[in-house]
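Participant: Have a look; sequence and predicted model below, questions after that.
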Amino acid sequence: MSIVTIAREGQIAIVTVDNPPVNALSQALRQGLWDAVEALDADPEVSAVVLTCAGRTFIAGADVREFGRTPEPPHLPDLVARIEAARAPWIAAIHGSALGGGLEVALGCRFRVAVASASLGLPEVTLGIIPGASGTVRTPRLIGVPAAVDLITSGKPLRAEKALTLGLIDAVIAGDLTAGAVAFATAALANPLPEPLSTRPLPPEPDAFWESQTAAVTKAAKGNHGPLRALEAIRKATESSFDEAMAFERQTFLDLRGSDQAAALRAVFFAERGATRPAHLGEAKPVAIARMAVIGGGTMGAGIAAALRDAGLPVTLIERDAEALARGIANIRAIFEGGVKRGKLSEAQFADRLAGVTGSTDYASLAKTDLVIEAVFEDIEVKRAVFAQLGVACRADAVLATNTSYLDPRALEAEIPNPARFIGLHFFSPANVMKLLEIVPTPATSPATLATAFALAKQLGKVPVAAGICEGFIGNRILKRYRAAAEALLRQGVAIAEVDAAMRGYGFAMGPFEAQDMGGLDIAYLQREGARASGQAVAETLGDILVRAGRKGQKTGGGWYDYIPGERKPQASEEVARLLAAEITAARTPALSTPLSREAIAETLVGEMAAEGDQILAEGIAHQASDIDLVEIHGYGFPRWRGGPMHARDRKLGKV
Ligand code: T1G
Ligand code: NAD
């Protein structure tokens, strides 16, 4: 069957695109639409054309899989121009998402209508490129320069109502979309048609406008080049002819398409899409989850409960006594209060979030629960006792999960009947914000339990990555190597602040030492001490020296840096220099003869992460390199536009 079909309703033609899964603009679709314009132009009976899409969405954009290849005609900018120049006006009828090239096709239409649930956007900058088919040139002509700058440089889609307010669409359709669009077209034909966008004027903006926008966009982009290049293209559109601006946009688009950033962001795009339903899940079906419980309402438990409520799941919180329960509920409430303060939650949503949380100190209240997530103290005996109680209180088929960071989950499943329903679900702090979820099956975990964990991740909007059992799973194991490598640089004479500046320059929000000061040095220290106490040989770290001197990070007034009370800005610390002097001068590794550049520091540390990643892959702890990249990007602040440590290293080596 053809992917573009034409039907008639009186004088109105209805063009339907059917190119699953998301109606992406493959060469075949571009050609099909081109042929449809030609055919309808040749039919004098047709007075308007409604463009609709079958399936879950309007055209979701260019076909990202074609990006690595030489573009084949008809090119998208030409198609958009051809639609705009059609004899009878086209009306885009939008449901689902009109993104990138999909929105650009709609901009070639004389009108745009959408259902209320539709979203519209130009997400190209999130793929390291800019709109390549007139997005930067037609959009400002339709909605004005400031709104176009926001839409294009943020890459964030808008909902239909907002799009209507801005003038990006002409109507929101209630009821059947095609029928509504046909009625709209019929009414529109009674009036003079609006000018096509390419012929509308676009007055220039003052220099001061572009200066302030450049500053704001640079700050928000955090090293991603796309937004700034898009801003240049929009400016060009205001200062030159339509055709010149189109040529400039196209050139910028083609330049960026082959860039390292675009390759990285594309790789992450496909890694994320592949993550929710990986091949290793096989055919196993998830079990239905309606009632959830969280054990422990501390930092993690409260965050996990909030994440579950955000996804609409009812939660029972279990704590060890009434006082701890009250604290746990207060922790959850504080998270939602933060949401209200930042304007993310309405009062009604706030009330609904809290109403879905039930607190208890009695495990008997879990008799009907489908899935339980344990987040109590990181202490094997405390956790064992919790699972022994869960084993008695819960149904034999309820899924039981642990959020442990470092403990071996196999030690916990031994406490419950039917360990096939047991699994590790490792959330990251703050659990209602961070997108990563490490899913840690044991050899006993059933395929259905694993599938359930992935389905839950999807429901929560998390990026799931399966991890095998080892100390720290994927993420914390790489973190340990990263920190050790950063300390090794100090021993070679590199300054603490220099390492942090290098990693910030690479694109992290914080360097490794600032990050430790913020999170506290004591957690990793206690974990090392625990391992030492159990007879393992754990090398002494520089961090150990600081913790023993009482420097546990910002919360104790200092860690790797000093802090002025009430401020978060790190200050170089004389005490730290003194404490570490012996270690650094008696360096086990030879000091550097020439200072390392910041680029070299970052490359060294990223190389160490990738080397640990190689080891993790070799041991079968991760299924694929892209999973490791997702862990670093979504759990540890690795800059997305670098693609993760594995991609960045492989790109440098010319392998990807
Ligand atoms: N190209 C190719 N495949 C795509 C695709 C695309 N644009 N978008 C999605 N897919 C595949 C995806 O890999 C998955 O495949 C399946 O479709 C379902 O996706 C010239 C330069 C539309 C909101 O960035 O945001 O236009 O895994 O699981 O949750 O200016 O897909 O099933 O094999 O995400 O219902 C701009 C990206 C391109 C849109 C649907 N467009 N897509 O979400 O499904 S640049 C985008 C999405 C551009 C022009 C330029 C979402 C969605 P598989 P899914 P979903
Ligand atoms: P926390 O100390 O903030 O909270 C633990 C909570 O568990 C407390 O509220 C405590 O009252 C409760 N608790 C203790 N024993 C209990 C019992 N028998 N029954 C019910 N509740 C009990 O600790 P946290 O930081 O939230 O960590 C919890 C777990 O999450 C640990 O296993 C930790 O390793 C893991 N984790 C922590 C982080 C993090 O960044 N903090 C990240 C990922 C995973």
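Facilitator: Here it is on my side, so go on. Ligands and ions are numbered 1, 2, ... in the order given.
Participant: quick one, helices of the stretch 351-500 of the chain?
Facilitator: With DSSP state H, counting those that start in this stretch applied, the stretch 351-500 of the chain shows helices at 380-393, 410-413, 447-460, 475-491, 496-506, listed in chain order.
Participant: With the stretch 501-650 of the chain instead?
Facilitator: Counting by DSSP H, counting those that start in this stretch, the stretch 501-650 of the chain has helices at residues 512-519, 522-533, 542-548, 574-585, 598-618, 625-636, 645-652.
Participant: For ligand 1, find the nearest of the helices of the stretch 351-500 of the chain.
Facilitator: helix 447-460 (9.0 Å; CB to the nearest ligand atom). In this view, the C-beta of every residue, glycine as well, is placed from N, C-alpha and C.
Participant: on that earlier part again, okay, the helices of the stretch 351-500 of the chain in CSV with mean neighbour count next?
Facilitator: What follows is those, written out as CSV (neighbours: other CB atoms under 10 Å):
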stretch, mean neighbour count
helix 380-393, 17
helix 410-413, 19
helix 447-460, 20
helix 475-491, 21
helix 496-506, 20
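Participant: which one of the ones you listed lies closest to Thr70?
Facilitator: Closest approach to Thr70 among the helices of the stretch 351-500 of the chain (CB to CB): helix 496-506, 32.3 Å.
Participant: Using PDB, list the CA coordinates for the closest one.
Facilitator: Output of helix 496-506 as PDB, limited to C-alpha atoms (Å, rounded to 0.1, in the frame of the first residue of the first chain):
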ATOM      1  CA  ILE A 496      42.500  20.200  42.800                       C
ATOM      2  CA  ALA A 497      40.800  23.200  41.300                       C
ATOM      3  CA  GLU A 498      42.500  22.500  37.900                       C
ATOM      4  CA  VAL A 499      40.900  19.000  37.700                       C
ATOM      5  CA  ASP A 500      37.500  20.400  38.600                       C
ATOM      6  CA  ALA A 501      37.900  23.300  36.100                       C
ATOM      7  CA  ALA A 502      38.900  20.800  33.400                       C
ATOM      8  CA  MET A 503      35.800  18.700  33.900                       C
ATOM      9  CA  ARG A 504      33.500  21.700  34.000                       C
ATOM     10  CA  GLY A 505      35.200  22.800  30.700                       C
ATOM     11  CA  TYR A 506      34.400  19.400  29.300                       C
END
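Participant: residues in contact with that helix?
Facilitator: Helix 496-506 has contacts (CB atoms under 8 Å, 6 or more residues apart in numbering) with 486, 489-490, 510-514, 560-561, 570, 572, 576, 598-599, 601-602, 605-606, 639, 642.
Participant: pLDDT averaged over it - what is it?
Facilitator: Averaged across helix 496-506, the pLDDT comes to 97.
Participant: Same check on stretch 219-227?
Facilitator: When pLDDT is averaged along stretch 219-227, the result is 95.
Participant: buried set for it?
Facilitator: 221, 224-227 (16 or more other CB atoms under 10 Å).
Participant: what's the answer for stretch 202-220, then?
Facilitator: For stretch 202-220, burial by neighbour count (16+ other CB under 10 Å) applies to 202, 205, 210, 213, 217.
Participant: How about stretch 306-313?
Facilitator: Residues of stretch 306-313 classed as buried by neighbour count (16+ other CB under 10 Å): 306-310, 313.
Participant: for the strand or helix carrying Val268, packing partners?
Facilitator: Using DSSP states H and E, Val268 falls within helix 260-275. If you count contacts as 3 or more CB pairs under 8 Å, 6 or more residues apart in numbering; DSSP states H and E, helix 260-275 packs onto strand 463-466, helix 625-636, helix 645-652.
Participant: Now the stretch 501-650 of the chain against ligand 1: closest residue?
Facilitator: Closest residue of the stretch 501-650 of the chain to ligand 1, CB to the nearest ligand atom: Ser626 (13.1 Å).
Participant: tally of neighbours for that residue?
Facilitator: For Ser626, the tally of surrounding residues (other CB atoms under 10 Å) stands at 21.
Participant: ditto for Lys285
Facilitator: Lys285, neighbours per other CB under 10 Å, totals 11.
Participant: what sits against it?
Facilitator: Lys285 sits next to 448, 451 when contact means CB under 8 Å, 6+ apart.
Participant: Distance check, it against ligand 1.
Facilitator: Between Lys285 and ligand 1 the distance is 18 Å, computed by CB to the nearest ligand atom, to the nearest Å.
Participant: Pull up the per-residue confidence for that residue.
Facilitator: So, for Lys285, pLDDT stands at 95.
Participant: what's the answer for Val64, then?
Facilitator: Reported pLDDT for Val64: 86.
Participant: Ile129 is in contact with that one, correct?
Facilitator: No. Val64 lies out of contact with Ile129 (CB atoms under 8 Å); the separation is 10.1 Å.
Participant: Neighbour count: the two, which is higher?
Facilitator: Using other CB under 10 Å, the more surrounded residue of Val64 and Ile129 is Ile129, with 28 against 17.
Participant: Give me the distance between the residue in the stretch 151-300 of the chain that ligand 1 sits nearest to and ligand 2.
Facilitator: Proximity of the stretch 151-300 of the chain to ligand 1 (CB to the nearest ligand atom) peaks at Arg273, 4.0 Å away. Look at Arg273 and ligand 2: by CB to the nearest ligand atom, they are 25 Å apart.
Participant: contacting residues around that residue?
Facilitator: Not one residue lies near Arg273 by CB under 8 Å, 6+ apart.
Participant: Got the confidence number for it?
Facilitator: Arg273 carries a pLDDT score of 92 in this model.
Participant: Start the count at 696 instead of 1 going forward.
Facilitator: Let's use 696 as the start, then, which means that last one is Arg968.
Participant: Many thanks, have a good one.
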